[in-house]
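Peer 1: next comes the sequence, and after it the predicted model I'd like to discuss.
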Amino acid sequence: MVERDEELKAQVPHVWQTIQFAPLPEPIRERLAEVLKFWLFERFPSLSAEEIASGKPALPVVSRLG
């Protein structure tokens, strides 16, 4: 599990591309993409569908002070 927003931001494009080009039947690939989108919507409610669908979301940078 990715706990830091910065780590997730760095991994999203790679994970998105991995799903899009995986040697899987189209229905499975589509389902995996939906799961990733849902997870990103839950993690970052301020993201738009277009940002997530692009595979390169402008994720918020959150400072973790303390």
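Peer 2: Looks like it arrived, so ask away. Keep in mind that what you see is a predicted model, and the values were worked out from it rather than measured.

Peer 1: in this protein, what spans have low per-residue confidence?
Peer 2: For the chain, applying pLDDT under 70 flags the ranges 1-3, 52-66.

Peer 1: show me where it has its helices.
Peer 2: 5-20, 26-43, 49-54 (DSSP state H).

Peer 1: adding mean neighbour count, write those helices out as JSON lines.
Peer 2: From N, CA and C alone the C-beta is placed, and that goes for glycine too. Output for these, formatted as JSON lines (neighbours: other CB atoms under 10 Å):
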{"stretch": "helix 5-20", "mean neighbour count": "14"}
{"stretch": "helix 26-43", "mean neighbour count": "13"}
{"stretch": "helix 49-54", "mean neighbour count": "13"}
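
Peer 1: list phi and psi for P25.
Peer 2: phi -60, psi 140 (degrees, to the nearest 10).

Peer 1: count of neighbours near it?
Peer 2: For P25, the count of nearby residues is 9 (other CB atoms under 10 Å).

Peer 1: tell me how far it lies from Q17.
Peer 2: Separation of P25 from Q17 (CB to CB, to the nearest Å) stands at 18 Å.

Peer 1: same question, P45
Peer 2: P45 sits 24 Å away from Q17, going by CB to CB.

Peer 1: same check, this time on E51
Peer 2: Taking CB to CB as the measure, E51 falls 16 Å from Q17.

Peer 1: how about A33?
Peer 2: Distance, A33 to Q17, using CB to CB: 11 Å.

Peer 1: before we move on, what about F38?
Peer 2: Separation of F38 from Q17 (CB to CB): 18 Å.

Peer 1: cool, and L36?
Peer 2: Counting by CB to CB, the gap from L36 to Q17 is 11 Å.
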